[in-house]
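Fold the following, please.
(2 chains)
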Amino acid sequence: MANTLKLQLKVWRQKPGRQDGHFETFQVEANEHMSFLEMLDVLNEKLIQDKKDPIAFEHDCREGICGTCSMVINGQPHGPMAATTTCQLHMRYFKDGDTIVVEPFKAKAFPVIKDLVVDRSAFDRVIQSGGFISVNTGQAQDGNNIPIAKDIAGRAFEAAACIGCGACVAACPNGSAMLFTSAKITHLGLLPQGKIEADRRVQSMVAQMDKEGFGMCSNIGACEAECPKEIKLENIAFMNRSYIKAVFGGQKE
Amino acid sequence: MLDSKIPSGPLAEKWTKYKSTIPLVAPNNKRKLEIIVVGTGLAGASAAASLGELGYQVKCFTFHDSPRRAHSIAAQGGINAAKNYQNDGDSVHRLFYDTIKGGDYRAREANVHRLAEVSVNIIDQCVAQGVPFAREYGGLLENRSFGGVQVSRTFYARGQTGQQLLIGAYQALSRQVGLGNVKLYNRHEMVDLVKIDGKARGIIARNLLNGELERHAAHCVVLATGGYGNVFYLSTNAMMCNVTAAWRSVKQGAYMANPCFTQIHPTCIPVSGEYQSKLTLMSESLRNDGRVWVPKKKEDAALIREGKLKGVDITEENRDYFLERRYPAFGNLVPRDVASRAAKVECDKGHGVSPTGLAVFLDFSDAIFRYGKAEANKSGQTNLSDKEIIALGEKVVSAKYGNLFEMYEKISGENPYKMPMKIYPAVHYTMGGLWVDYNLETNIPGLFALGECNFSDHGANRLGASALMQGLADGYFVIPYTIGTFLANEISTPKFSAGTSEFEMAEKRVNDQIERLISIKGNQSAESFHRRLGKIMWDYCGMSRNEEGLKKGREMIRELKEEFFKDLYVPGTANEYNPELEKAMRVADFLEHGELMMVDALNRNESCGGHFREESATEDGEALRHDDNYAYVAAWEWDDNNPILHQEKLVFENVKLVTRSYK
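Numbering: from 1, shown residues only, chains lettered A, B, ... in the order given. Next up, the predicted model:
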């Protein structure tokens, strides 16, 4: 039968529109089969019963694919399990008596909205600046007229598996979005359809990334370590090569 | 009275001919016309992008922080298209026929045929956008087969096809946002529809960051707001999926069609406790290799429930492979509705295997051994021990289903290679939705509905890999044409001001409701009401329904609604970021929609697809349709006491109605 864990939770609380916040401590009892978010649901239900302000956190699909859930748990974005989003993290991986510290994804380009909720719309604007292939509906030729080697398609898929959660930015001491941006550059840049506007794409996406206030990459690798979808650092190398090629030899914006 | 506007002519020519006669809007006029698109899933994002490309002025709304979060992203298996790349005899007609039959003859022929026709264009469009579909070694697109059909027509990107297709549509949308053709409103939820002179001319949206109500006017409104599976509280839908945009349109006069048609997916991870917030799907593809069974003896099942026995302890002769027993021809690969009901029957008899009694086994041990032997033969290894063969077989199964097995282990804490999975049916998709005609226009002129939000293509049961197809068909290849039927008559209509009395009234309606919800100041959370509603829906309008239960269920919902408006507690205020208020507003709509589902299920005294009425079954418990009485679409006009039924007769000129048999 299920074990119950007694836990101490230290949660970051921050009111909307404020720059400062504080940790609030809660005692919770959790069933080992609960997901981390269900543990917070139970706590919130209790807070509502007590007419207190529930903890704001974002979540949606709860199956690890939408990229909505965030949170830094004990210092790690999405918590201690590798290749796992917060919604897929279960309480059986914690021990009775543990103290768990929960914070929002913190970065200059991700302002806090409330408690554990941050604004990640900068990512959308990076994509809007060039993260696409310029093809209108109805213009496409037959799908099989563009053969793509199986391993190239596989590598493009692995880069395209990014869920846009922002853990890479939260993990990076520089608050850099290089892993996120480079995953898109690699996904599209590897495919024949995407090569045509590759030079323009990398220049405008990098420019937008800088404009949003994301930091530079200093090869620490925390982004790769914390990425729930195991997006690889070599994407950043791919992006750097594409950028250099575009700036020194390619089309100009 | 309900005019489906199906074009005349032979089925296979209807769409082509109709397309070339739809009135056009010239480019200079498109620039003057505004369109609101609500929702950014496959249907919404593809529609907003395509309409933006055409030159219309588009405003696109999502309640998420980013358009890429929409729940289309979670679709696993794949997308169907009648490409016949495999040379296995597929055709547009076959895809059409499979979909009509799979839907148990409760969908419109003309719509479904059009869907099959444009399916081929979808694949081309997605490839051009850079969607990384699975490939063969020769570089061409790969296919796999899916439940209920005899050809391989499913295109896929590992177990994340929905994600990759949505990212494709999201990128097309982002391009239009970057070009200024589409204005994106994220964290905005549509909370009311505004009609002027009977036509849809705008919406009231709540800015979720600060609670402000905003008025947005346009020449027409396109809803692509998904399904209402979350009325059951527990479902495979994302937590925020809701019926609000559709329901508030119903309250402004739109008809809700076949709301009782819900799809219960047979292979989901079972409920583990009262705190459970959502259910996780295990892809249908698992039934290719997994065998479904329960212990023959109730005593064994009881011991498993108590944790004193494990599935592997039950010997072969004491297992009941009930799908193979009842449906020898299709075995474990019967359609979703049939497999789900069979699992329920066994659990109701007392053979269920989880602590709650609501689970059956999905067992891969035979497949692992079979694959292991094949591997051993391939590499010429004879004299291997069983253990070594199993190790080889586990590798094969891992290559096919690795990510699903991992997900199962993360959630359940059990290793599915060593112990059979425990699964149980869960609510997954809703075939019902807003009534639309062939143009995807609702009965309110200027209000269109796309994707899961409408009722049109899947009848009473949807086949696997067809939801992605429909969402993208509607958004990329149908609405860009059919919206012309409405907008061509609006070219001299000036832009609307949001300052009119209609907008004022709509805003007041919403304001009053919010005030009412916040000022109740009772003791129970919106979530707790939602959970109770879900239980009523599951118990009385779930996998098996009867007259008495449906009447009782309806009464219970009305009582719950009364209690809701007396004892709800919403923390915080209206004018701030307040997820609890958002929930309360959505639950209020689910309460009414749930009641309508009971009414619809009660009215339809036949069993078809996902709708099983106990009164209408054969002697051996199979579903029994009544084509003479119920071959119609039930489109409901809402009324607080007596919803009014409008029927659209379904005419089948091209397929013969037969009983689905999988024995």
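
A:L233 reaches A:L179, doesn't it?
Yes: contact criterion C-beta atoms under 8 Å: A:L233 and A:L179 qualify, at 7.4 Å. No exception for glycine: its C-beta is placed from N, CA and C like everyone else's.

Looking at the two now, which is surrounded by more residues?
A:L179 (26 against 18; other C-beta atoms under 10 Å in any protein chain shown).

name the element that one belongs to?
If you go by DSSP states H and E, A:L179 is part of helix A:178-190.

what's the overlap in contacts for A:L233 and A:L179?
A:223-224 (C-beta atoms under 8 Å, 6 or more residues apart in numbering or on different chains).

any idea of the mean pLDDT in the longest helix anywhere in chain A?
Determined from DSSP state H, the single longest helix within chain A is helix A:234-249. Averaged across helix A:234-249, pLDDT comes to 96.

The residue in the stretch 51-200 of chain A that chain B sits nearest to and A:P192, how far apart?
Nearest to chain B in the stretch 51-200 of chain A, going by C-beta to the nearest C-beta, is A:P147, at a distance of 3.1 Å. Distance of A:P147 to A:P192, given as C-beta to C-beta, to the nearest Å: 9 Å.

hmm, back to that, from B:L140, how far out is the residue of the stretch 51-200 of chain A closest to chain B?
Counting by C-beta to C-beta - A:P147 and B:L140 are separated by 6 Å.

if I look at A:F36, how far off is chain B?
11 Å (C-beta to the nearest C-beta, to the nearest Å).

show me what contacts that residue?
By C-beta under 8 Å, 6+ apart, the contact list for A:F36 reads A:73, A:79, A:86-87, A:89-91.

Can you name the residue of the stretch 501-650 of chain B nearest chain A?
Scanning the stretch 501-650 of chain B for the residue nearest chain A gives B:S525, at 4.5 Å (criterion: C-beta to the nearest C-beta).

which residue sits closest to that residue, ignoring its sequence neighbours?
Of all residues not flanking B:S525 in the chain, A:I48 sits nearest, at 4.5 Å (C-beta to C-beta, 6 or more residues apart in numbering or on different chains).

The one you found sits in which helix or strand?
Assigned by DSSP H and E, A:I48 belongs to helix A:36-49.

Next secondary structure after that helix?
Sequence order places strand A:72-73 as the next helix or strand after helix A:36-49, per DSSP H and E.

Identify all contacting residues around that following strand.
Where contact means C-beta under 8 Å, 6+ apart, the residues beyond strand A:72-73 that reach it are A:36, A:79-80, A:86, A:89, A:100-106, A:170.

for those, which one is nearest B:F455?
Of all these, B:F455 sits closest to A:T86, with 35.5 Å by C-beta to C-beta.

for the closest one, what are its contacts?
Contacts for A:T86 (C-beta under 8 Å, 6+ apart) come out as A:36-37, A:59, A:69-71, A:73, A:78-79.

7 Å instead, please
By C-beta atoms under 7 Å, 6 or more residues apart in numbering or on different chains, A:T86 lies in contact with A:36-37, A:69-71, A:73, A:78-79.

how about the helix holding A:I48: buried residues?
Across helix A:36-49, burial judged by 16 or more other C-beta atoms under 10 Å in any protein chain shown covers A:36-45, A:47-48.

mind showing which ranges of the chain have poor pLDDT?
No chain in the question, so chain A it is. A:1, A:250-253 (pLDDT under 70).

Hmm, no, I was thinking of chain B.
In chain B, residues with pLDDT under 70: B:148.

what's the single longest helix in it?
helix B:386-412.

Could you list every helix and strand in contact with that helix?
Helices and strands touching helix B:386-412, by 3 or more C-beta pairs under 7 Å, 6 or more residues apart in numbering or on different chains; DSSP states H and E, are helix B:365-378.

Go through the helix it packs on and flag the buried ones.
Applying a neighbour-count criterion of 16+ other C-beta under 10 Å, one finds B:365, B:367-369, B:371-373, B:375-376 buried in helix B:365-378.

Tell me what angle it forms with helix B:386-412.
140 degrees (axes from the mean of the first three to the mean of the last three C-alpha atoms, to 10 degrees).

Now the longest helix of chain B: buried residues?
B:389-390, B:392-394, B:396-397, B:401, B:404-405, B:407-408, B:410-412.

what lines up beside the helix or strand following it in the sheet?
Once the chain leaves helix B:386-412, the next helix or strand it forms, by DSSP H and E, is strand B:421-430. Within its sheet, strand B:421-430 is paired with strand B:262-268 (antiparallel), strand B:360-363 (antiparallel), according to DSSP bridges.

and B:Y18, how many neighbours does it have?
Burial of B:Y18 is recorded as 21 neighbouring residues (other C-beta under 10 Å).

Look up how far B:S379 lies from it.
B:Y18 is 58 Å from B:S379, by C-beta to C-beta.

Fine, thanks again, bye for now.
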